[in-house]
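[1] structure here, sequence nowhere to be found:
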């Protein structure tokens, strides 16, 4: 019980839940992805929505994902990871390492938000097709300016880390490494041409991505049915016109 | 020295730096707003940019604000606040309070990001005038759906907090209260009509805002020259056409 985690997230997409899932998987944690389970056990997006709106919860989340652990209910991906980090051994022990890992995570989250907004620059309540003109413009800017700027920054962070191995923080795997892996996966899916170009001179980002992918537990997870494919309901969407120059 | 803080942020706007500034001011902390100082002491946006890009910094920030305290250099507003919270007495002592306050801060940050994107939905490197069509659309969605949805959630959080007083967490002032104050200030500046409408049935959010504004140190700060006015280079911009129905 003490080490049993409940992840609550939408059923059909990787989404922001995936950053939490990767941490749980990399650590071999005992967890259940509640909404993906049978309805009798609280599965389904309807049950997730009801739980999100539960009036008795003194710490309600604005949106999924949220994590239930004992009587903790925690929302916001980065807050979940700051909670899980020490419990799963996915962050260093010093305050400096805890903070720096979190700062990296928040910067990853910023880029994830921008990647999402390439296909929904105007409103999450409109279809992509109804905001396509703005999406084309925003994606051009994202490919031309934002992908290079963010990935250059991550490459610099890796260059400045003189500890052995290829990690964002020190010489050990952290949840920020896992999140950067997922960010690169998503960018490669949504913007394959632009991402290949940008990674050509970012050898450390590319290596970190490959190293994470090869971790035994991550490799097993990626091949399992627990890992959903990217799709056009998620954050990272492949619309070829948004990757065309 | 131990309690001397250096805040590094752009000179001409409140921006994201303001969330840090409010925490420092509310606590009566000893701090300097470096870029606003004289050039001989590292003032100016050019010096800020050079410091941001300092190659020797092992924990570089992607963007301002960043905080220097002793040999800590911390970027990302929410990470700065999780660091300052316990040092300034602006967060509860339990892990639960620390996490919940942070979750609230991250949700405030999400809304701040959306408020910014109302006038820059396509690209931060284009002028507002060059993305005005998308801005009009996004602002309509923000006024109609997002302002009510976020403020309803904050109102619920305040309703569910049964501790005495009007605070987001427990019965004491936290940095999340200060940030919600600033968010409401910004919304009132940028979207006066829509925000007045939305606050009409959010008495607790309105009261928390008024209470924070009346705190002696905050009141003094707001009347000082250290508090910049909102303007049309910042996050919250008053373009009347974006608040018109």
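    Noted; the coordinates are in hand. Treat the numbers as computed from the prediction; the structure is a model and nothing was measured.

[2] these two touch, right, residue A:219 and residue A:210?
    No. In this structure residue A:219 lies outside contact range of residue A:210 using C-beta atoms under 8 Å: 11.2 Å. Placement of C-beta: from N, CA and C, glycine included.

[3] distance of residue A:8 from residue B:87?
    Residue A:8 sits 33 Å away from residue B:87, going by C-beta to C-beta, to the nearest Å.

[4] who's more crowded, those two?
    Comparing residue A:8 with residue B:87 by other C-beta atoms under 10 Å in any protein chain shown, the one with more neighbours is residue A:8, at 23 against 15.

[5] spit out the contact partners of that one.
    Contacts here follow C-beta atoms under 8 Å, 6 or more residues apart in numbering or on different chains; on that basis residue A:8 touches A:34, A:35, A:48, A:51, A:52, A:64, A:65, A:66, A:67, A:68.

[6] now with 6 Å?
    A:34, A:48, A:64, A:66 (C-beta atoms under 6 Å, 6 or more residues apart in numbering or on different chains).

[7] got the phi/psi numbers for the first one?
    Dihedral angles of residue A:34 (phi, psi; degrees, to the nearest 10) stand at phi -60, psi -50.

[8] count of residues packed around it?
    19.

[9] please apply the same query to the second one.
    Counted with other C-beta under 10 Å, the neighbours of residue A:48 add up to 21.

[10] nearest spatial neighbour of it, skipping sequence neighbours?
    Distances taken as C-beta to C-beta, 6 or more residues apart in numbering or on different chains put residue A:35 closest to residue A:48, at 4.3 Å, once the chain neighbours are dropped.

[11] kindly report the same for the third one.
    In space, not counting the residues next to it along the chain, residue A:64 is nearest to residue A:9; the distance is 4.8 Å by C-beta to C-beta, 6+ apart.

[12] what about the strands in chain A?
    With DSSP state E as the criterion, chain A has strands at A:4-8, A:30-33, A:66-69, A:72-75.

[13] closest to residue B:142 out of these?
    Closest to residue B:142 of the strands of chain A is strand A:72-75 (C-beta to C-beta; 21.5 Å).

[14] what strands line up against that closest one, and which way round?
    In the sheet, strand A:72-75 lines up against strand A:66-69 (antiparallel) (DSSP bridges).

[15] and the gap between residue A:193 and residue A:15?
    Between residue A:193 and residue A:15 the distance is 24 Å, computed by C-beta to C-beta.

[16] how about residue A:142?
    Distance, residue A:142 to residue A:15, by C-beta to C-beta: 19 Å.

[17] quick one: buried residues of the least confident helix or strand in chain A by mean pLDDT?
    Least confident element among the helices and strands of chain A, by mean pLDDT, DSSP states H and E: helix A:45-52 (a mean of 93). By neighbour count with 16 or more other C-beta atoms under 10 Å in any protein chain shown, helix A:45-52 contains the buried residues A:47, A:48, A:51, A:52.

[18] and if you look at stretch A:204-212?
    For stretch A:204-212, a neighbour-count test (16+ other C-beta under 10 Å) marks A:204, A:205, A:206, A:208, A:209, A:211, A:212 as buried.

[19] does the fifth one touch residue A:183 like I think?
    No. With contacts defined as C-beta atoms under 6 Å, residue A:209 does not count as touching residue A:183, sitting 8.9 Å away.

[20] residues near the residue nearest to residue A:48, how many?
    25.

[21] residues in contact with it?
    With C-beta under 6 Å, 6+ apart, residue A:35 has these contacts: A:11, A:43, A:48.

[22] from residue A:35, how far off is the second one?
    The span separating residue A:43 from residue A:35 equals 6 Å under the rule C-beta to C-beta.

[23] what residues are up against residue A:46?
    Taking C-beta under 6 Å, 6+ apart as the contact definition, residue A:46 lies against nothing.

[24] from residue A:58, how far off is the closest residue to residue A:69 other than its chain neighbours?
    Leaving aside its sequence neighbours, residue A:69 sits nearest to residue A:5 (C-beta to C-beta, 6+ apart; 5.3 Å). The gap separating residue A:5 from residue A:58 is 20 Å, by C-beta to C-beta.

[25] residue A:34 now?
    In this view, residue A:34 and residue A:58 are 20 Å apart by C-beta to C-beta.

[26] same check, this time on residue A:238
    Separation of residue A:238 from residue A:58 (C-beta to C-beta): 40 Å.

[27] of those two, which one has the most company?
    More neighbours surround residue A:238 than the other of residue A:238 and residue A:58, with 15 against 12 (other C-beta under 10 Å).

[28] list the contacts of the more buried one.
    Going by C-beta under 6 Å, 6+ apart, residue A:238 touches A:189, A:190.

[29] can you rerun that using 8 Å?
    Contacts of residue A:238 by C-beta under 8 Å, 6+ apart are A:189, A:190, A:192, A:230, A:232.

[30] highest neighbour count among the residues you listed?
    For these, counting by other C-beta under 10 Å, the largest number of neighbours falls to residue A:190: 25 neighbours.

[31] I'd say residue A:57 and residue A:73 touch.
    Yes. In this structure, residue A:57 is within contact of residue A:73 by C-beta under 8 Å, at 5.9 Å.

[32] make a markdown table out of the strands of chain A and add distance to residue A:118 and mean pLDDT.
    Shown next, in a markdown table, are those (distance: least, C-beta to C-beta, whole Å; pLDDT from 0 to 100):
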| stretch | distance to residue A:118 | mean pLDDT |
| --- | --- | --- |
| strand A:4-8 | 26 | 98 |
| strand A:30-33 | 27 | 98 |
| strand A:66-69 | 26 | 97 |
| strand A:72-75 | 25 | 96 |
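
[33] let's have these in TSV, adding distance to residue A:177.
    Formatted as TSV, the strands of chain A follow (distance: least, C-beta to C-beta, whole Å):
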stretch	distance to residue A:177
strand A:4-8	19
strand A:30-33	19
strand A:66-69	20
strand A:72-75	21
